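Colleague: Quick one, fold the following:
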Amino acid sequence: MRSMNIKTVISLVVGASLSLASVALGYDAGAVSNGGSISGSITFAGDAPEAAPIEVTKDTKVCAQTQKYDESLVVGGNKGIKNAVVSISNISSGKDFGDAMALDQKECVYTPHIVFTPAGSELEILNNDGILHNIHTYSEANPAFNQAQPKFKKKLKKKFEKPEVVRVECDAHGWMKGWIVVMDHPYYAVTDGEGKFSLSDVPAGEYEVKIWHETLGETMQKVTVEAGSDASLAVELSQS
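Modeller: Residues are numbered from 1 along each chain as shown. Reported below is the predicted structural model:
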């Protein structure tokens, strides 16, 4: 028998852990035959706000290499909202979970601003800054944690057992804020800089689609997906 290289072993381990997570959640993962898709855009109703600059007050040699901006509401030139989370709320079977994501800390910014992780699997948290960070989560369904990540600890792993949206901050750098979305299935997407998103390999059926944004709240839309077709969804969000 040929020996497996390390990348193959890691891939098999990650795939097994994601499959176990789906079983624990009651989600039936597998191949989707003749599925459809849901795609569209999330836009801002009204005048688009300007991005607010952030004052870096600590570890400036690392953190102030580039100008930082508040990411809690980012609206593009076409009024597309970045970092809105689009997900199907009533689905119990479909495609497998994709590749595992990691939450990185680069120049004292959480990258990406919103990271997805399947419930029951481990999320890798990276520190590439070479300075002390502190990971502090705020959650309800999962136990919160508050853990230092010094410069010599480049990686740590944390497991989230239950689906929810978890706020994460750095106690060492107060402007650092991000989100961990713990998924109960793989039909989640985050909008890009133009507010666009896409959910692929969706089994044909009628669904409730949830749109969540950290400052604009949450709304629901009904969508019908036909086999081999794309269902278009356009939603406007506004500040209350």
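Colleague: what about the nearest residue to Y69 once chain neighbours are set aside, distance to G130?
Modeller: Excluding the flanking residues, the one nearest Y69 by C-beta to C-beta, 6 or more residues apart in numbering is A51, at 4.2 Å. Quick note: C-beta positions are derived from backbone N, CA and C, even for glycine. According to C-beta to C-beta, to the nearest Å, A51 stands 27 Å off from G130.
Colleague: quick one, what contacts S87?
Modeller: M183, Y187, Y188, A189, V209, K210, W212 (C-beta atoms under 8 Å, 6 or more residues apart in numbering).
Colleague: Just give the nearest non-adjacent residue to S229, would you?
Modeller: G36 (4.9 Å).
Colleague: dump the residue contacts of the one you found.
Modeller: By C-beta under 8 Å, 6+ apart, the neighbours of G36 are V202, P203, A204, V225, E226, A227, G228, S229, D230, A231.
Colleague: if I pick the second one, what's in contact with it?
Modeller: With contacts defined as C-beta under 8 Å, 6+ apart, P203 is in contact with V32, G35, G36, I91, S93, G94, V225.
Colleague: Tell me the buried residues within the residues you listed.
Modeller: By neighbour count, with 16 or more other C-beta atoms under 10 Å, the contacts of P203 hold V32, G35, G36, I91, G94, V225 as buried.
Colleague: among these, which two are most distant?
Modeller: Within the buried ones among the contacts of P203, two members stand farthest from each other by C-beta to C-beta: G36 and I91, at 12.6 Å.
Colleague: Give the residues shared as contacts by those two.
Modeller: With C-beta under 8 Å, 6+ apart, G36 and I91 have common neighbours V202, P203.
Colleague: Do a quick rundown of the helices in the protein.
Modeller: 6-25, 60-63 (DSSP state H).
Colleague: Would you single out the least confident of those helices?
Modeller: For the helices of the chain, mean pLDDT drops lowest on helix 6-25, to a mean of 44.
Colleague: Below-threshold pLDDT in this protein: ranges please.
Modeller: 1-25 (pLDDT under 70).
Colleague: What number of residues are in the vicinity of the residue nearest to G130 when sequence neighbours are not counted?
Modeller: Spatially, and ignoring its direct neighbours in sequence, G130 is nearest to K151 (4.8 Å; C-beta to C-beta, 6+ apart). Using other C-beta atoms under 10 Å, K151 has 13 neighbouring residues.
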